[in-house]
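*Asks:* Okay, sequence plus prediction incoming.
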Amino acid sequence: MNWDSLPMIGVALLLCWVFYAFVREKFSPDVVVAVAVAVLLISSLLSPSDVLGILSNSAPITIACMFVLSAALERTGCVDALGKWLARMGGGSPLRTLFSLMLTAMVLSTFINNTPVVAILTPVAVTLAAQVGSKASKMLIPLSYATILGGTMTMIGTSTNILVDGVAREQGMAPFGMFEIFLPGLIMAAIGLAFIMLVGHRLLPDRESLSKQLRPDQSRPFMTELLVPHDSPVANQSISAAKLNGDSGIQVLKIFRGDEELSTPVNTTVLNAGDRLVLHANMRDFIELRQTGLLAFNHEQPANFETISTRDVVLAEAIVGRNSRYSHRPMRDLNLTARYGIHVLAIHRHNENIQDNLDDFQLQFGDVMLVEGTPAQIRKFADNGDLISLNTVQERAYRREKAPIAIAAVLAVMVLAALKVMPIEGLAMIATAVVLATRCLETEDAYKAVDWRILTIIFGMLAISVAMRKVGLVEALVDQVMLLAPFMGPLFMLSFIYLLTSVLTEIVSNNAVAVLLTPIAIGVAYQLGADPRPFVVAVMFAASASFATPIGYQTNTFVYSAGGYKFTDFMRIGIPMNLIMWATATLVIPMIWPLFP
């Protein structure tokens, strides 16, 4: 046995575990890569200086700055204005509305990160679908795909492009220009858009939203605040004895007793004269209860309760955002009824509606919550927890007067980077400082805008990539791929690199795949005597082109539950989409970047 090969075998086994853990999803990807880096440090396959050296890579810093710039555009109302314009342009035709939605999303994601674009346009898509007599399930997958395609047109369109460029620079390649990938990206986007409009939309399901699935025929619900008079028969009775425990359709949500508030009354709680009760029921149950004589709502009839106020209650669907404070915590710890006065009726995840045992349920990114409460309560609940309301566009105090500054900052990054005035990382940091100093968004909002989990994954995978190079694993993998060279020419090798990246991206993090395969693609190109640039572009495009599963790309994960999709819905439309993009990239990339200079 060759003992010198043990480090290489160890890193290879660790890499296999990382991929396995990504697929199993028992731990979040950021935890997985953190454990992997810890193992590399413990085993001395990486030194602390190796890990600290990764911080010199410009890609993660640039990505963090672009998250902030994207948030500035959103906070100043730029994206909201485009959404409203899109709503006016719908025109009543489902296909024309779908085309307008995809085109708008594609243009937006060319300039800003595509995940916030999907987050903001998802409620718009749901509203538009209802207006034109369609279903949200016909709109949301195309919305996600459009942002993916739009992100491939510029270097700042998606974090993957910035990351691949950063890894390629470490390998000695010249930086990519801001619009260097625009033409092939535009061609692929146009072909993808044409496929969806001509064929793909027919493959999408026609499925109802969560609220309609769960409550299709129930009357409109109300919350009513009532007073227990001193001569009421239910005074000194328990909630259960007064038939207010939900069995009759009427349920006590809260009791105000003097200065005391009982936010979670139970069936054995005794009602006292003078208590103010917040009751919940739909109108049908109130009418039936009035006919029994137990309750009366006018002072001419005997009444056990006197009405103080009645509040209109609405059902709303809200999706758990990327950095939601509610995620990864048991529902019982959130105490949502006491804090916000809302009630969670059900949660939709991965084609499953969860209605039982919600106390122990932990929310995740992309989960859809069906909640009930007044519009004001729901708005407060969503705003405080970084949720996105799917039923209505949330009312937010946009800083529209700052919009020109945010737009100018993003345009300056793009134009000055294209003119090579300064590297993009320097321009991005300056633009970030400008939008913060001019209060396009608050510092707290800027920190919330950065997806720290993605950055953790990127730093961790870069560390693993360093370990792979140190032990010679990259060269070994290149040698294995080169075994195909006698049977495949350079064009077929380019096509193979794209296909391999695309397949891996469907099952694990796209950024992780990009970090691992970029050095391999460069090594294969050098072995063939070819220009490595087209091979790197193939990895760049393929690592973003995740269409066949809802787990390979964040935008797909976001719309997965929002549209009520099944896993197979993505496969039905995504596999043909992947194959079309594969064929297109194989033809287009060598036309822009010749394989042999």
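*Replies:* Looks like it arrived, so ask away. What you see is a predicted model, and the numbers here were worked out from it, not measured in a lab.
*Asks:* Quick check, residue 472 in contact with residue 6.
*Replies:* No: contact status for residue 472 versus residue 6: not in contact, 11.7 Å apart, counting by C-beta atoms under 8 Å. Backbone N, C-alpha and C define where each C-beta goes, glycine included.
*Asks:* These two: who's more crowded?
*Replies:* Shown here are residue 472 and residue 6; by other C-beta atoms under 10 Å, residue 472 has more neighbours (15 against 11).
*Asks:* so how far is residue 12 from that one?
*Replies:* 11 Å (C-beta to C-beta, to the nearest Å).
*Asks:* Would you agree residue 463 falls within a strand?
*Replies:* No: counting by DSSP: H, G, I helix; E, B strand; the rest coil, residue 463 is not part of a strand but helix.
*Asks:* what sits against it?
*Replies:* Shown in contact with residue 463 (C-beta atoms under 8 Å, 6 or more residues apart in numbering): 33, 36-37, 40, 46, 50-51, 54.
*Asks:* farthest-separated two in those?
*Replies:* By the measure C-beta to C-beta, 33 and 50 form the most distant pair in those, at 14.9 Å.
*Asks:* of these two, who's got more company?
*Replies:* Ranked by neighbour count (other C-beta under 10 Å), residue 33 and residue 50 place residue 33 first, with 26 against 16.
*Asks:* quick one: which helix or strand includes that one?
*Replies:* Using DSSP states H and E, residue 33 sits within helix 29-42.
*Asks:* Flag every buried residue along the helix or strand following that helix.
*Replies:* On the C-terminal side of helix 29-42, the closest following helix or strand by DSSP H and E is helix 48-53. By 16 or more other C-beta atoms under 10 Å, the buried positions in helix 48-53 come out as 50-51.
*Asks:* roughly how far out does helix 48-53 sit from the chain middle?
*Replies:* Taking C-alpha atoms, centre = their mean, to the nearest Å, the mean C-alpha location of helix 48-53 is offset from the chain mean by 31 Å.
*Asks:* and the following helix or strand past that helix, how far from the chain's centre?
*Replies:* Moving toward the C-terminus from helix 48-53, the next helix or strand (DSSP H and E) is helix 58-75. Computed by C-alpha atoms, centre = their mean, the chain-centroid distance of helix 58-75 equals 16 Å.
*Asks:* what's helix 58-75 packed up against?
*Replies:* Helices and strands touching helix 58-75, by 3 or more C-beta pairs under 8 Å, 6 or more residues apart in numbering; DSSP states H and E, are helix 114-131, helix 159-170, helix 403-418, helix 424-437, helix 443-449, helix 452-470.
*Asks:* Between these, which one is closest to residue 365.
*Replies:* Residue 365 lies closest, by C-beta to C-beta, to one member of the helices and strands packed on helix 58-75: helix 452-470, at 9.1 Å.
*Asks:* Show me what counts as buried in that closest one.
*Replies:* Residues of helix 452-470 classed as buried: 453-468, 470 (neighbour count, 16+ other C-beta under 10 Å).
*Asks:* and the angle for it with helix 29-42?
*Replies:* On the basis of axes from the mean of the first three to the mean of the last three C-alpha atoms, to 10 degrees, helix 452-470 is oriented at 30 degrees to helix 29-42.
*Asks:* thinking again about what came up before, now do the helix holding residue 33: which elements does it pack against?
*Replies:* Checking 3+ C-beta pairs under 8 Å, 6+ apart, helix 29-42 ends up next to helix 6-24, helix 48-53, helix 452-470.
*Asks:* Just the pLDDT for residue 367.
*Replies:* Confidence at residue 367, expressed as pLDDT, is 81.
*Asks:* need the contact list for it.
*Replies:* Neighbour list for residue 367: 319-320, 347-349, 561 [criterion: C-beta under 8 Å, 6+ apart].
*Asks:* again, but for residue 184
*Replies:* By C-beta under 8 Å, 6+ apart, residue 184 lies in contact with 152, 537, 541, 585, 588-589, 592.
*Asks:* For the longest helix anywhere in the chain, which helices and strands make contact with it?
*Replies:* Taking DSSP state H as the criterion, the chain has its longest helix at helix 567-592. For helix 567-592, the packing partners by 3+ C-beta pairs under 8 Å, 6+ apart come out as helix 140-151, helix 182-198, helix 490-505, helix 532-544.
*Asks:* Taking helix 114-131 as reference, get the angle to the first one.
*Replies:* Which is helix 140-151. Using the same axes, to 10 degrees: helix 140-151 against helix 114-131 is 140 degrees.
*Asks:* How about the third one?
*Replies:* Our comparison of helix 490-505 with helix 114-131, counting by the same axes, to 10 degrees, yields an angle of 70 degrees.
*Asks:* Tell me the helices and strands packed up against helix 490-505.
*Replies:* Packing partners of helix 490-505 (3+ C-beta pairs under 8 Å, 6+ apart): helix 510-528, helix 532-544, helix 567-592.
*Asks:* hey, which of these is tucked in deepest?
*Replies:* By mean neighbour count, with neighbours taken as mean count of other C-beta atoms under 10 Å, helix 532-544 ranks first of those at a mean of 27.
*Asks:* what mean pLDDT does it have?
*Replies:* 94.
*Asks:* got the CA coordinates for it in PDB?
*Replies:* The C-alpha trace of helix 532-544 is given here as PDB (Å, rounded to 0.1, in the frame of the first residue of the first chain):
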ATOM      1  CA  PRO A 532      -9.400  27.000 -20.400                       C
ATOM      2  CA  ARG A 533     -11.800  30.000 -20.700                       C
ATOM      3  CA  PRO A 534     -14.700  28.200 -22.600                       C
ATOM      4  CA  PHE A 535     -14.400  25.300 -20.100                       C
ATOM      5  CA  VAL A 536     -14.700  27.700 -17.200                       C
ATOM      6  CA  VAL A 537     -17.700  29.400 -18.900                       C
ATOM      7  CA  ALA A 538     -19.300  25.900 -19.200                       C
ATOM      8  CA  VAL A 539     -19.000  25.400 -15.500                       C
ATOM      9  CA  MET A 540     -20.300  28.900 -14.800                       C
ATOM     10  CA  PHE A 541     -23.500  28.400 -16.900                       C
ATOM     11  CA  ALA A 542     -24.100  24.800 -15.900                       C
ATOM     12  CA  ALA A 543     -23.800  25.500 -12.200                       C
ATOM     13  CA  SER A 544     -26.700  28.000 -12.500                       C
END
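*Asks:* Centre of the chain to that helix, how far?
*Replies:* Distance of helix 532-544 from the chain centroid (C-alpha atoms, centre = their mean) equals 24 Å.
*Asks:* Just read off the phi/psi values of residue 239.
*Replies:* phi -60, psi -40 (degrees, to the nearest 10).
*Asks:* hang on, isn't it packed against residue 264?
*Replies:* No: assessed by C-beta under 8 Å, residue 239 is found out of contact with residue 264, at 11.6 Å.
*Asks:* Neighbour count: these two, which is higher?
*Replies:* Shown here are residue 239 and residue 264; by other C-beta under 10 Å, residue 239 has more neighbours (21 against 11).
*Asks:* Which residues are in contact with the more buried one?
*Replies:* Going by C-beta under 8 Å, 6+ apart, residue 239 touches 245, 252, 265-269, 271.
*Asks:* export those residues to a markdown table and tack on secondary structure, neighbour count and pLDDT?
*Replies:* What follows is the contacts of residue 239, written out as a markdown table (DSSP: H, G, I helix; E, B strand; the rest coil; neighbours: other C-beta atoms under 10 Å; pLDDT from 0 to 100):
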| residue | secondary structure | neighbour count | pLDDT |
| --- | --- | --- | --- |
| 245 | strand | 18 | 67 |
| 252 | strand | 22 | 79 |
| 265 | coil | 21 | 82 |
| 266 | coil | 11 | 80 |
| 267 | coil | 14 | 82 |
| 268 | coil | 10 | 83 |
| 269 | coil | 17 | 86 |
| 271 | coil | 23 | 84 |
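*Asks:* could those go into TSV alongside distance to residue 198?
*Replies:* Shown next, in TSV, are those (distance: C-beta to C-beta, whole Å):
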residue	distance to residue 198
245	56
252	56
265	58
266	58
267	59
268	63
269	62
271	64
